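Asks: give the three-dimensional model of this entry:
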Amino acid sequence: MYLQQGGRGRQQGRQVTNIQEMAEQNKCYRTALWTGCHLQMTLMSIPPCRDIGAKLHPDMDQLIRVEKGNAMVMTGNCPHNLNCEQRMCKGDAVFVPARTWHNIKNTGKCPLRLSTIYAPPHHPFGTVEYTKEDA
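Replies: Residues are numbered from 1 along each chain as shown. So this is what the prediction gives:
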């Protein structure tokens with residue numbers, strides 16, 4: 001259920017899809033599902049006992065939702081001091097404001113499936129990264 005590319009590498013029109021189903025089918029580390037002018041949705045698959053790595057986005061907000069699996073989200077004021085931890089399970093989401101260090105670790109035995117909204121878009125239109133090392 002992907003849309004055709006519009007002008008300047010953006011998708012145009014509406015897209016109706018079951019995000020949970022799409023996330024469960026996604027086997028790539030990161031797939032850009034939809035990219036608009038002001039926001040983007042990506043899907044992620046994190047192997048057991050792995051994480052996304054400590055990240056900070058200086059100029060964008062994020063919403064990260066667990067579509068399948070169990071996770072631990074960690075936030076803090078620097079990459080080596082992620083001292084706020086919260087467990088997450090299917091249906092839980094975390095809002096990550098710009099300039100907030102964060103990491104998400106898969107605490108389950110199956111791949112963790114996430115959906116992420118970036119505002120504004122963060123990854124190039126059509127991004128597909130098969131592994132964390134590709135990212």
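
Asks: which residues does the residue nearest the centre of the chain bridge with?
Replies: With distances taken as CA atoms, centre = their mean, the residue of the chain nearest its centroid is Thr116 (3.3 Å). Thr116 has these beta-bridge partners by DSSP bridges: Thr42, Ile64.

Asks: tell me which strands the lowest-mean-pLDDT helix or strand in the chain pairs with, and in which orientation.
Replies: Least confident helix or strand of the chain, by mean pLDDT, DSSP states H and E, is strand 128-129 with a mean of 80. Strand 128-129 has the following strand partners under DSSP bridges: strand 30-35 (antiparallel).

Asks: let me know the average pLDDT across the partner strand.
Replies: Across strand 30-35, the average pLDDT comes to 91.

Asks: wait, the residue nearest to the centre of the chain sits on Met60?
Replies: No - assessed by CB atoms under 8 Å, Thr116 is found out of contact with Met60, at 10.8 Å. To be clear about C-beta, it is placed using only N, CA and C from the backbone, and glycine gets the same treatment.

Asks: now the helices for the chain?
Replies: Assigned by DSSP state H, the chain shows helices spanning 19-25.

Asks: so where is it shaky, pLDDT-wise?
Replies: 1-14 (pLDDT under 70).

Asks: the same query, at a cut-off of 90, please.
Replies: Scanning the chain for pLDDT under 90 picks out 1-17, 36-37, 120-135.
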